[in-house]
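K.L.:
no FASTA, just this:
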């Protein structure tokens, strides 16, 4: 699940991520990695405990060097926010104030709309151990909080950044069902193709004495057809199934395909198709 | 952003998370922590490299002990999946097959629907370095893949589990805008309250000779009113603003509130309200 690819489009836009007094370089690196995965690139650090630059951060960033290289350090949160138009504060704790509280989905939609309008935006994340102070939260426009397990709320900053970055990325998709790759296209089988398969199976079974006693044959055929029509087969799947049945029909354990001479492809089955 | 709370409801349901040949105990622990945050509890390991139980896993799980304690180990993936009805395979790489490929949002909705129908479900995650083999993916019903930066796709397994767990949790929300806490309720101010504030400000400014030259007064009042009516103030905000203006009006630097005798609250301002 890893690897950068320089031939593909490198997304690097969107809100700045602001870490307030982060302690561990590893966490800063994991934040950079999370950001890069979802196309964010602007990292700002307020007074990082162990200084900057940080080898540990670079190592943990897992080649998100473009984020690490562009990281800027500020002495105060006010300076880090100065050029931004709209800022979220992330918090897990209830804050008793009037500031609007948003879910990640709503916050991401808001950030995306402001991005499109040319506004500079940011998301603030607090210290590893105790988050943001009320005074820091007061500098934000709105609050964003995550829908976590009420009895186990324990997101670290890299995880919190990952979730906001992911929602940011999703906010840019036209369709939430969109995926970066799709299965091979399959044409649904026609009924004729389906019936052809069923017929050949019935014939082969009949030739082997499958339908006994004779009085039960109609019911057995009903059951068999119910099973074989259960799925909306694609053309490829019909081909695969016909290949399976034909193999049973024509070859035996004692006289398998290799022994019995060249394979005859009477069903138009593409033998390279393995359905996997 | 951390802390378990035994008085709150512990969510522990939903799909099993299946890790295929995970290598590092730390990663297994981070997976458990990610799961617990979003209410998942059933972790299955297929042939973990460094054995099980793992002290490193428990330490990294950050008190997600209920997940660690219930973790089960299997020799083969087939055994790990045996009692499940429907399984997703996660992959970042394009797989050239016919298996449906879903986004996390669609996969989470499917898992939620199957959960409600009483089906046992699971999500498979591959090894740290190279994911799942095609043979392993073939055991799943469908594929799920994440919308990542095309040029920087580098999610580790704990991050991938975090995202799927988060989407699972969101799938259980009635409303994606839902948050676990809300701001204090604010009643929108009436126009009468707003106009009352504006009037008092104008009067106080006028008494100080603010409107000069006199010819400019109408325009200055227009501008002032435009600023003061810019926001849809709440009642509390009107109170806060009136308190601010009243303080300017009644006290000076030379004769501040403490010196000038007891504060008179003519505007009905709640002095405990700090708006933060």
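P.N.:
Structure received. It should be emphasised that the depicted structure is a prediction, and the values quoted were computed from it without experimental measurement.
K.L.:
give me phi/psi at the residue lying closest to residue A:181 once chain neighbours are set aside?
P.N.:
Once flanking residues are discounted, residue A:181 sits nearest to residue B:94: 3.9 Å by Cβ to Cβ, 6 or more residues apart in numbering or on different chains. In short, each C-beta sits where N, CA and C put it, glycine included. Main-chain dihedrals, residue B:94, degrees, to the nearest 10: phi -70, psi 130.
K.L.:
if I look at residue B:94, how far off is residue A:182?
P.N.:
Distance, residue B:94 to residue A:182, by Cβ to Cβ, to the nearest Å: 9 Å.
K.L.:
how close does residue A:165 get to chain B?
P.N.:
Distance, residue A:165 to chain B, by Cβ to the nearest Cβ, to the nearest Å: 9 Å.
K.L.:
now residue A:209
P.N.:
Separation of residue A:209 from chain B (Cβ to the nearest Cβ) stands at 34 Å.
K.L.:
ditto for residue A:92
P.N.:
For residue A:92, the distance to chain B - Cβ to the nearest Cβ - is 4 Å.
K.L.:
what's the answer for residue A:97, then?
P.N.:
Residue A:97 sits at a distance of 5 Å from chain B (criterion: Cβ to the nearest Cβ).
K.L.:
now do residue A:186
P.N.:
Between residue A:186 and chain B the computed distance is 6 Å (Cβ to the nearest Cβ).
K.L.:
could you do residue A:150 as well?
P.N.:
Going from residue A:150 to chain B by Cβ to the nearest Cβ gives 4 Å.
K.L.:
double-check that that residue belongs to a helix.
P.N.:
No. Residue state for residue A:150 (DSSP: H, G, I helix; E, B strand; the rest coil) corresponds to coil; a helix is not indicated.
K.L.:
just the pLDDT for it.
P.N.:
Looking at residue A:150, its pLDDT is 83.
K.L.:
what does residue A:66 give?
P.N.:
pLDDT recorded at residue A:66 is 95.
K.L.:
do residue A:23 as well
P.N.:
Residue A:23 carries a pLDDT value of 95.
K.L.:
over to it. Which of the three states is it?
P.N.:
Look at residue A:23: counting by three-state DSSP, its state is coil.
K.L.:
same thing with residue A:177?
P.N.:
Using three-state DSSP, the structure places residue A:177 in coil.
K.L.:
surely it meets residue B:101?
P.N.:
No. Applying Cβ atoms under 8 Å, one finds residue A:177 not in contact with residue B:101, separated by 10.1 Å.
K.L.:
quick one: end-to-end length of stretch A:148-165, please.
P.N.:
Stretch A:148-165 has an end-to-end distance of 17 Å (Cα to Cα, to the nearest Å).
K.L.:
any weak-confidence spans in the stretch 1-150 of chain A?
P.N.:
Scanning the stretch 1-150 of chain A for pLDDT under 70 picks out A:1-12.
K.L.:
and if we set it to 90?
P.N.:
For the stretch 1-150 of chain A, applying pLDDT under 90 flags the ranges A:1-13, A:92-100, A:118-119, A:128-130, A:134-135, A:138, A:148-150.
K.L.:
all the helices of it, residue numbers only.
P.N.:
Along the stretch 1-150 of chain A, counting by DSSP state H, counting those that start in this stretch, helices occupy A:25-37, A:55-60, A:65-70, A:77-81, A:104-116, A:134-137.
K.L.:
deepest-packed of the ones you listed, please.
P.N.:
For the helices of the stretch 1-150 of chain A, the largest average neighbour count (mean count of other Cβ atoms under 10 Å in any protein chain shown) is found in helix A:25-37, namely a mean of 27.
K.L.:
that helix vs chain B: in contact?
P.N.:
Yes. Shown here: helix A:25-37 in contact with chain B (Cβ under 8 Å from any Cβ of the partner chain) through A:33, A:34, A:36, A:37.
K.L.:
which two in those residues are spaced the farthest apart?
P.N.:
Spatial extent of the residues of helix A:25-37 next to chain B (Cβ to Cβ) is set by the pair A:34 and A:36 at 7.4 Å.
K.L.:
pretty sure residue A:257 sits against residue A:246.
P.N.:
No. Residue A:257 sits out of contact with residue A:246 when judged by Cβ under 8 Å, with a separation of 10.2 Å.
K.L.:
related to what we said a few turns ago, help me confirm that the residue nearest to residue A:181 comes into contact with residue A:179.
P.N.:
No. If you go by Cβ under 8 Å, residue B:94 and residue A:179 don't touch, sitting 9.7 Å apart.
K.L.:
and those two? Which one has more around it.
P.N.:
More crowded of residue B:94 and residue A:179, by other Cβ atoms under 10 Å in any protein chain shown: residue A:179, with 21 against 14.
K.L.:
and the pLDDT at that one?
P.N.:
On the pLDDT scale, residue A:179 is placed at 83.
K.L.:
pretty sure it is touching residue B:103, no?
P.N.:
Yes. Here residue A:179 reaches residue B:103: they are 5.2 Å apart, a contact under Cβ under 8 Å.
K.L.:
what touches both of these two?
P.N.:
By the contact definition Cβ atoms under 8 Å, 6 or more residues apart in numbering or on different chains, residue A:179 and residue B:103 are jointly contacted by B:145, B:147.
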